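> have a look; sequence and predicted model below, questions after that.
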Amino acid sequence: MFMQIIQGRVSDPEAAKVTMDRWHQDLAPGAIGWLGGTYGFTDDGTLVAAVRFDSAQAARANSARPEQGAWWAEMEQHFTGEVTFHDCGEVMLLLGGGSDDAGFVQIIQGRVRDRERARELVEQSDGMIAAYRPDVLGATIAIDENGFFTETVAFTTEAEARENEQKELPSEAADLVREEMALLDDVHYFDLHRPWFGSAG
């Protein structure tokens, strides 16, 4: 899997969403290799789009389509400043990767210092998350070539997420979380209170 993370502040979230929705209606059917996406706005009007393709080649082919270029020329008018793109060739899934039924999504970004150990810890996390965090429906962790990561965590609801994050974890699970966090630098959190999703097929 390959993921592209696109984000930037927009002037009118409702208008930007209309343009985003038009991509799913008009362009998604012709986007070979597009798997889906998770989208939302933060409280300050920053759009975060985590888009999944089956390969980097498919993502590049989509970007090269004339209709994609025309659509982006319209979409970029919504942004008020810099738009950032992170092309991520390394993608890890937790609990299958998430769910389009999520009522709340949290985006976690930063830099990872030890990819190999991070991958090992992620593999160990599935069972513990399933056991101790029933509010977590799944997550994707995408890392670009510079070690910048974006984790997209899907929750049942924001209320359940806030309630469960206050609960104390068993020592084994707490130790795992501490080691995971120790591998990360410059961590930031973005809350998508009203996420929406797109899926191929």
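Now that the structure is in, tell me what you want to look at.

> so what's the residue sitting nearest the centre point of the chain bridging to?
In the chain, the residue lying closest to the centroid (CA atoms, centre = their mean) is residue 152, at 3.7 Å. On the basis of DSSP bridges, residue 152 is bridged to residue 107, residue 140.

> what's the spacing between it and residue 88?
11 Å (CB to CB, to the nearest Å). Every C-beta, even on glycine, is put in place using the N, C-alpha and C of the backbone.

> list the residues that contact both of these two?
residue 142 (CB atoms under 8 Å, 6 or more residues apart in numbering).

> rewinding a little: now do the same contact list for the residue nearest to the centre of the chain.
Here residue 152 is in contact with 38, 50, 98, 105-107, 139-142 (criterion: CB under 8 Å, 6+ apart).

> how does this protein divide into domains?
Following automatic domain parsing, the chain resolves into domains at 2-87, 90-192.

> and the average pLDDT for the longest one is what?
Right, domain 90-192. Averaged across domain 90-192, pLDDT comes to 92.

> one more: stretch 57-70?
Mean predicted confidence for stretch 57-70 is 96.

> so what touches stretch 75-83?
6-12, 15-16, 19-20, 23, 47.

> for that stretch, how far is the first residue from the last?
One end of stretch 75-83 to the other measures 11 Å (CA to CA, to the nearest Å).

> who's in contact with stretch 2-16?
Applying CB under 8 Å, 6+ apart, the external contacts of stretch 2-16 come out as 41, 44-56, 58-59, 75, 78-89, 91, 140, 142, 150.

> just the ones of these in helices?
Here DSSP state H is the test, and the contacts of stretch 2-16 give 56, 58-59, 75 as lying in helices.

> format those residues as TSV; extra columns: distance to residue 190 and neighbour count.
Formatted as TSV, those follow (distance: CB to CB, whole Å; neighbours: other CB atoms under 10 Å):
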residue	distance to residue 190	neighbour count
56	24	16
58	26	17
59	22	22
75	19	20
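
> got a quick ChimeraX command for the buried subset of the contacts of stretch 2-16?
Entered in ChimeraX, the line below selects the buried ones among those, by 16 or more other CB atoms under 10 Å:
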select :41,45,46,47,48,49,50,51,52,53,56,58,59,75,78,79,83,86,88,91,140,142,150
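
> for residue 186, give me its contacts.
110-111.

> give me the sheet partners of the helix or strand hosting it and which way each runs.
Using DSSP states H and E, residue 186 sits in strand 184-192. Paired neighbours of strand 184-192 in the sheet (DSSP bridges): strand 104-112 (antiparallel).

> remind me what the very next helix or strand once past the strand it pairs with packs against, helices and strands.
Going down the chain from strand 104-112, the next helix or strand is helix 115-132, by DSSP H and E. If you count contacts as 3 or more CB pairs under 8 Å, 6 or more residues apart in numbering; DSSP states H and E, helix 115-132 packs onto strand 90-94, strand 136-143, helix 171-182.
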